[in-house]
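Q: Just to be clear, the model below is a prediction. Sequence and coordinates:
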Amino acid sequence: MVLIPLHPSKAKPASASAGPAGTGADKPLVNLLRGWPAPAILPVAQLKMATADVLTDASVVVDSLQYGPDSGFQPLREQLASYLSNIFSKYSVPNDPERICITGGASQNAACILQSFTDPAYTACIWVSAPCYFLMCPIFEDSGFAGRLRAVPEDDEGTDVEALERGFQEFESSPPSEPTYKNNLAPDRKAYRHVVYVVPTSSNPSGSSMTVKRREQLVRLARKYDALLIADDVYDFLQWDVPRADAVLTSKQGSVSLPPPLPRLVDVDRTLPQEDGHETEEDSRRFGNAISNGSFSKIVAPGLRTGWVEATPAFSYGLAQTGSSKSGGAPSQFSAATIAVLMRTGELDRYLQEVARPALQWRHRLLIQAVEEHLSEFLEIKCGGLPKATSSEVTTYGGYFLWLKLRRSDMSAAAISKRAFAKENLIIADGPLFEVKGDEASARFDDHIRLCFAWEDEAKIQEGVERLARVLRNWDEPEDAATALPASDTGAFK
Ligand SMILES: Cc1ncc(COP(=O)(O)O)c(C=O)c1O
């Protein structure tokens, strides 16, 4: 193992010379909000090889450039089925391409799921685990649920299932009419009564992973109330063991394996026995109550806009019957063909093992060290700190983000993000961004901020933390005109 010094250099970068009264305009921008992969780690060479392979392979090139089948490029469905059954072998995942549908990525696919498996006349609400991945809210709103997103708070184990059940029960006394907007769904699709949106593993923004017990509770609840659990499993392959606090790492490791994965909700739903005395209706058993919404955006490149769903064969087939896929086949056919090459040749796994996970593990470590050194007086790391030197437990972390809680009650995350931008040319994500749209009051986060360690390079991550520390240290100074920006000026970055 390569070793990292516990405390990064204390030397102040030249760009930090402007004093607390200065404005940020003279400094290079540091963006710790943006949740994109760093340009330096994009797999350009691998994609060059894979696209050349597709374009020169006479048996693939035409299929890859034409409209495709509704469920997507068949070789990628096969590669994924085999890959997922291997990674999640502990949970006996079947190697069955019929369980896979190729999608245009997790976001676009969320819209397709709602088109095929909800009816705003019948489906009560979209329940969103909070804090939430904020860019899903407009997708739910556009699907007919504006004003019907409901926040479900999280505790240390994950989504609060008691709060969720109380929410479900509100609707039990007034049974809905039959689906009325969409009487074309049966027999291949159905409207669920509820939808629950979660990021069970390495969540965005909180970085936390739901316990197995909580996953099981969630599946039981979903079965009981005819709910569909949409699990964005987009960070499952971007997890790593966190070296202990006394491990001194000096550079990123050459190879980082995926720690043993937790069961996805789709695995729990497939394997958890039905409860005695509770007969789930036939459609629910056929379609299931949980799906895995996967994406290549974070494990290959966002520009490919390609993902997959794993679900029961009936759900996966139903999803492929969504109008936009029926019209010429699943999206992203050429990207799918390219990714199939990356998987077949082992390049995807090599990239994750030798590039993506080492880079994220290293940046996560640098960010934590910088936070501990400069920000611990003001902010507490909610999840993803370094295990103590004495700890024998292996801690796993993953994803792109660190979620921090303000220690001082007189500080507001929204005001901090404004001031950080005005004074330090630093962009951070304030907690209110992750409140559920239309139900903000049920789970407030103005005492949290999110920092991304995936986008900026290592030096800028540390520089960003130092700039934020300066903002917080100078918090009690009177505000000047530069920091009194209207909200719209920072809104552009969200
Ligand atoms: C939880 C979560 N879901 C979905 C996405 C977007 O996925 P895609 O690019 O496949 O639409 C992101 C990207 O940040 C995310 O964090």
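A: Yep, it's here.
Q: residues from this protein in reach of the ligand?
A: 35, 105-107, 133, 199, 204, 232, 234, 295, 297, 302, 307 (C-beta under 6 Å from any ligand atom). C-beta here means a position set from N, CA and C on the backbone, and glycine is covered the same way.
Q: Going through these, which ones are buried?
A: 35, 105, 106, 107, 133, 199, 204, 232, 234, 295, 297, 307 (16 or more other C-beta atoms under 10 Å).
Q: Tabulate those (TSV), appending distance to residue 386.
A: TSV is the format used below for those (distance: C-beta to C-beta, whole Å):
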residue	distance to residue 386
35	22
105	33
106	30
107	32
133	25
199	23
204	21
232	27
234	25
295	28
297	28
307	32
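Q: Now go through these and say which are in strands.
A: Judged by DSSP state E, those include 232, 295, 307 as members of strands.
Q: residues contacting the last one?
A: Spelled out, it's residue 307. 102-106, 108-109, 234, 293-297 (C-beta atoms under 8 Å, 6 or more residues apart in numbering).
Q: One more: residue 357?
A: Counted by C-beta under 8 Å, 6+ apart, residue 357 has contacts 238, 239, 240, 256, 257, 258.
Q: and with 7 Å instead?
A: The contact partners of residue 357, taken as C-beta atoms under 7 Å, 6 or more residues apart in numbering, are 238, 240, 256.
Q: what pLDDT does it get?
A: Looking at residue 357, its pLDDT is 97.
Q: If you count neighbours, what's buried in the strand or helix carrying residue 79?
A: Assigned by DSSP states H and E, residue 79 belongs to helix 74-87. Residues 74, 75, 76, 77, 78, 79, 80, 81, 83, 84, 85, 87 are the ones in helix 74-87 that count as buried (16+ other C-beta under 10 Å).
Q: before we move on, the earlier item: could the ones in strands among the buried ones among the residues of the chain next to the ligand be laid out in TSV, adding distance to residue 211?
A: Formatted as TSV, these follow (distance: C-beta to C-beta, whole Å):
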residue	distance to residue 211
232	18
295	23
307	26
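Q: what would the residues you listed look like in JSON lines with pLDDT?
A: Shown next, in JSON lines, are those (pLDDT from 0 to 100):
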{"residue": "232", "pLDDT": "98"}
{"residue": "295", "pLDDT": "98"}
{"residue": "307", "pLDDT": "98"}
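Q: Name the nearest of those residues relative to residue 327.
A: Closest approach to residue 327 among these (C-beta to C-beta): residue 307, at 18.6 Å.
Q: I'd assumed residue 319 was in contact with residue 112.
A: Yes. Using C-beta atoms under 7 Å, residue 112 and residue 319 qualify as a contacting pair, with a distance of 6.2 Å.
Q: Compare these two and say which is more crowded by neighbours.
A: Ranked by neighbour count (other C-beta atoms under 10 Å), residue 112 and residue 319 place residue 319 first, with 26 against 23.
Q: quick one: contacts for the more buried one?
A: Residue 319 is in contact with 101, 112, 113, 116, 309, counting by C-beta under 7 Å, 6+ apart.
Q: The helix or strand containing it to helix 74-87, inter-axis angle?
A: Assessed by DSSP H and E, residue 319 sits inside helix 313-320. Between helix 313-320 and helix 74-87, the angle comes out at 140 degrees (axes from the mean of the first three to the mean of the last three C-alpha atoms, to 10 degrees).
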